[in-house]
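J.: here are the coordinates; sequence isn't available:
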């Protein structure tokens with residue numbers, strides 16, 4: 001990468017390549033380990049899982065960067081993209097909103113399309129009370145202790161049937177998105193911190209792995225497991241997507257032969273992923289080696 005110029009602003013170094021800002025590093029040359037969408041930290045009247053998590057990162061001296069992200073609310077290393085939603089936000093996104101922001105289906109599909117490990121963080125998901133009689137769900141907005149074992153809880157009613165709420169969550173998971181429910185915003189921040197530490201721990205372990213080992217091979221008990229392993233080795237294809245490919249095309253051979261139709265035939269696989277897979281499958285190896293610089 002040929003850097004054309006750099007600027008020092010507020011103690012931070014901005015690097016530019018051909019007029020485009022590539023990355024922001026600090027004076028010690030550290031690159032951000034976490035990226036956060038600017039909408040998650042501006043004009044917030046109350047703390048969220050993400051704002052509390054950032055305070056925890058600051059205490060640990062972890063360098064993060066806030067910027068406008070086209071997809072996801074927070075990005076971790078190793079291809080992890082996280083969308084944070086309160087239960088109320090989640091329910092509203094099922095129908096869209098007046099601000100013109102993407103509805104849930106489009107948001108989740110964009111998350112799956114752009115990240116290897118997409119996650120939906122449902123803030124308050126563990127505190128929801130399902131009420132099929134009143135065809136609603138209830139979320140607590142205030143708790144007060146009235147004795148050692150008794151609490152007075154004020155709830156907000158959201159007029160959505162519990163079956164529709166749970167069905168929407170199952171749909172999100174069917175696209176290969178991991179749904180993490182939290183008790184409240186502080187619990188969510190602790191989960192984010194635990195996830196970040198887990199990722200950093202795996203990164204350190206990988207430093208000891210030989211560079212010659214491109215992909216670890218597991219022991220398989222069935223042909224089906226081998227098929228899933230084969231397909232999930234392609235870019236943008238996880239186990240869930242591999243299963244969907246087999247459901248549509250029956251065999252890995254049929255799936256590869258019809259790779260140009262994946263974004264048409266398979267739900268949750270978009271044009272971007274299809275193009276990445278086609279590039280891997282159709283690029284001559286000599287050209288690929290040249291791009292690698294060998």
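T.: It's in. Every value quoted in this text rests on a predicted model; they were computed, and no experiment measured them.
J.: C-alpha from now on. contacts and neighbour counts both.
T.: OK.
J.: quick one: furthest residue from the center of this protein?
T.: Ranked by distance from the centre of the chain (CA atoms, centre = their mean), the top residue is residue 147, with 40.9 Å.
J.: would that residue count as being in a helix?
T.: No - using DSSP: H, G, I helix; E, B strand; the rest coil, the secondary structure at residue 147 is coil, not a helix.
J.: Touching, residue 119 and residue 75? I think so.
T.: No - checked against CA atoms under 8 Å, the pair residue 119 and residue 75 is beyond contact range at 10.0 Å.
J.: which neighbours do these two share?
T.: Jointly contacting residue 119 and residue 75 under the rule CA atoms under 8 Å, 6 or more residues apart in numbering are 81, 82.
J.: Might one say that residue 110 is in contact with residue 82?
T.: No - applying CA under 8 Å, one finds residue 110 not in contact with residue 82, separated by 11.4 Å.
J.: Between the two, tell me which one has more neighbours.
T.: For residue 110 versus residue 82, neighbours defined as other CA atoms under 10 Å are more numerous around residue 82 (25 against 19).
J.: quick one, what contacts that one?
T.: Contacts of residue 82 by CA under 8 Å, 6+ apart are 72, 73, 74, 75, 76, 111, 118, 119, 120, 121.
J.: Is residue 179 part of a helix or strand, or is it coil?
T.: strand.
J.: What count of nearby residues applies to the closest residue to it other than its chain neighbours?
T.: Once flanking residues are discounted, residue 179 sits nearest to residue 120: 4.8 Å by CA to CA, 6 or more residues apart in numbering. Neighbourhood size, residue 120 [other CA under 10 Å]: 23.
J.: Now do the contacts for residue 120.
T.: Contacts of residue 120 (CA under 8 Å, 6+ apart): 82, 83, 84, 85, 177, 178, 179, 180.
J.: let's go with 10 Å and repeat that
T.: Residue 120 makes contacts with 72-73, 81-85, 90, 108, 111, 169, 172-173, 177-181, as judged by CA atoms under 10 Å, 6 or more residues apart in numbering.
J.: how about the helices in the chain?
T.: In the chain, helices defined by DSSP state H lie at 49-59, 87-93, 104-114, 162-174, 185-206, 223-231, 239-249, 252-257, 262-265, 271-282, 285-292, listed in chain order.
J.: Of those helices, give the one that comes closest to residue 36.
T.: Using CA to CA as the measure, helix 49-59 is the one of the helices of the chain that comes nearest residue 36, at 8.3 Å.
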